[in-house]
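Novice: Generate a structure from the sequence data that follows.
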Amino acid sequence: MIKPGGIHHVPEGFSGKVSWESPSNIALVKYWGKTGNQIPANPSISFTLSESKTITSISFKRRANVNSGPQVCFLFEGKEAGKFGEKTFLFLKKIEDYFPFLKELELEIDTKNTFPHSSGIASSASGMSAMALCLMSIERILNSEITEVYFYEKASFIARLGSGSACRSVYGGLTTWGESTILNSSNEIAIPLSDTHKVFNDFQDTILLIERGQKEVSSTVGHGLMHKNPFAQTRFNQARENTQRLDEILRSGNLEEFGALVESEALTLHAMMMTSSPYFMLMKPNTVEVIQKLWEYRKETGKHVYFTLDAGANVHLLYPKSESVEVLYWIKNELIGYCENQMYICDTVGLGPQELKND
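Specialist: Residues are numbered from 1 along each chain as shown. The predicted structure is shown next:
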């Protein structure tokens, strides 16, 4: 779909700065397992968030020696970040066939997050999508004929090469990635879902930070372990069926069916971790306690509040805005004691990335 090539040379004196803010996302149908060059083993559907985002700026100028490849300075929150810088440089080398002009540029990349570091939000999704959008803005300066549709499709494609789930953050609202029965779905790019029920337009996501810090097993390792998981193929088939079913639910607005499917998906994700070889567990005792408390609260009150989990211990509580006053009161009074340092983040479904103006 997106082919290598494009602008190879930049004019003398070419320089400027581009900036984007791009949000993280939380998967409802989970992507777990991949093949080849960041191709998902099963389709997924996610909510793009609003407040949990990465802000990235790239200052660029033409190099004096244009034959020696890109020169990159990477800053995280204004400070040099060696490890992140090395990862970013490798990413730029990986995608240089799609942006040939990069070899002639000197780049200063400055990035920061609106959420605490190691807080359980997918910073790779927000970070890589923001980076891809900045690179597309530079390409659009060089080629004004790039269409809006192509701009975002290529940004999604490039973001995927950095972090699979990042391709979904290029669009707002509900997004799907991976070939499925959904029209125009693709393994190479994400697409926004249309005709979804209005109740999901401002759905809330309160993220309970059960445990901050580095995960014991990275998502990359977890994806790789699916190759030998004895339940992998059954899981991939289940995810395809759930993607089709959730697409129908999102259009109908049936919250009970939504919650049942999303919670099942979350538990299945962690079941795959516990049945891998070597097996591992990222849920913590407080994760389970929160889920039990939620089930009790829902049974007692009938509120439409449901959980999902990322690849970690933290709990995402999803509920409609119309019930937010009561649910938030319950969260503050009953659940924050299970969070590390009583930390939680209030977020909501967002409109997607935004380009920022530079002075």
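Novice: CA atoms for contacts and neighbours, from now on please.
Specialist: Will do.
Novice: contacting residues around E256?
Specialist: H304 (CA atoms under 8 Å, 6 or more residues apart in numbering).
Novice: could you point out the longest strand in the chain?
Specialist: Scanning the chain for the strand with the most residues, using DSSP state E, yields strand 44-62.
Novice: partners of the helix or strand that that one is followed by, with directions?
Specialist: Counting by DSSP states H and E, the next helix or strand C-terminal to strand 44-62 is strand 71-76. Taking DSSP bridges as the criterion, strand 71-76 forms sheet pairs with strand 79-80 (antiparallel), strand 105-113 (parallel).
Novice: Other residues contacting strand 71-76?
Specialist: Outside strand 71-76, the residues touching it (CA under 8 Å, 6+ apart) are 80-82, 84-85, 88-89, 105-112.
Novice: For V221, give its distance to G85.
Specialist: Applying CA to CA, to the nearest Å, the value for V221 to G85 is 21 Å.
Novice: More neighbours: which of the two?
Specialist: Counted by other CA atoms under 10 Å, V221 and G85 do not tie: G85 has more neighbours, with 17 against 10.
Novice: What are the buried residues along the helix or strand harbouring the more buried one?
Specialist: Following DSSP H and E, one finds G85 within helix 82-94. Using 16 or more other CA atoms under 10 Å as the test for burial, helix 82-94 gives G85, T88, F91, L92.
Novice: got the contact list for the first one?
Specialist: The contact partners of G85, by CA under 8 Å, 6+ apart, come to V72, C73, F74, L75.
Novice: I'd like the distance between it and S185.
Specialist: Taking CA to CA, one finds G85 at 33 Å from S185.
Novice: The second one too?
Specialist: Using CA to CA, T88 is found at 28 Å from S185.
Novice: Partner strands of whatever helix or strand E21 lives in and their direction?
Specialist: Assigned by DSSP H and E, E21 belongs to strand 15-29. Sheet partners assigned to strand 15-29 using DSSP bridges are listed as strand 44-62 (antiparallel), strand 354-356 (antiparallel).
Novice: Out of those strands, indicate the one that is most buried.
Specialist: strand 44-62 (a mean of 24; mean count of other CA atoms under 10 Å).
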